[in-house]
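Novice: Let's see this in three dimensions:
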Amino acid sequence: MASDELHLCIGRATVTAARWKTAAVAYDSDLADRIRAVVGGEPGLAEKRMFGGLAFLIDGHLAVSANSRGDMLLRCDPAETEQLAEHPAVEPYVMRGKPMTGWLDVGSAAIAEDSDLEGWVAVGVRYARSLGPA
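Specialist: Purely as a prediction, here's the structure:
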């Protein structure tokens, strides 16, 4: 290893900064491909690595994001958060110990079928569109 590399100790493992950076922005590429197939024709679509995953933005607003666990971060109307979280594989997204209204963690069981994925993605796209251009 080069002497100028930064080494990070994580448990018993030591990784270089370059490897750590890659791991920190990893996402489930199969899920990202499935989401891309659903939103591919949307006007104003952009992809961006953020929140530890690959986010799909509509007119600058996050609609959905594929994360590294095969789950999906979903943006929704804050007024619909509670109702949508009634699904057994969906929970409010928690940031720093606090549930975030308008954000959901959609578990892999909720998006196992393409038709289910399409329905959840539609929720995120509809809300992102309602916000207008960023």
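Novice: what does the longest strand seen in the chain rub up against?
Specialist: Taking DSSP state E as the criterion, the chain has its longest strand at strand 98-106. By Cβ atoms under 8 Å, 6 or more residues apart in numbering, the residues outside strand 98-106 that reach it are 71-78, 81, 84-85, 89-95, 120, 127. The C-beta positions use only the backbone N, C-alpha and C, and glycine is treated the same way.
Novice: Now that strand - C-alpha only, CSV.
Specialist: Taking only C-alpha atoms (Å, rounded to 0.1, in the frame of the first residue of the first chain), the coordinates of strand 98-106 have been written out as CSV:
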residue,chain,number,x,y,z
LYS,A,98,-36.4,10.4,14.5
PRO,A,99,-39.1,9.1,12.1
MET,A,100,-39.3,11.4,9.1
THR,A,101,-42.7,12.4,7.9
GLY,A,102,-42.9,12.2,4.1
TRP,A,103,-40.2,9.6,3.8
LEU,A,104,-40.6,5.8,3.9
ASP,A,105,-38.3,2.8,4.0
VAL,A,106,-39.9,0.3,1.6
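Novice: That strand: which residues count as buried?
Specialist: 100, 103-106 (16 or more other Cβ atoms under 10 Å).
Novice: Closest to Leu62 out of those residues?
Specialist: Distance to Leu62 across those (Cβ to Cβ) is lowest for Trp103, with 9.0 Å.
Novice: secondary structure element for Arg69?
Specialist: Assigned by DSSP states H and E, Arg69 belongs to no helix or strand.
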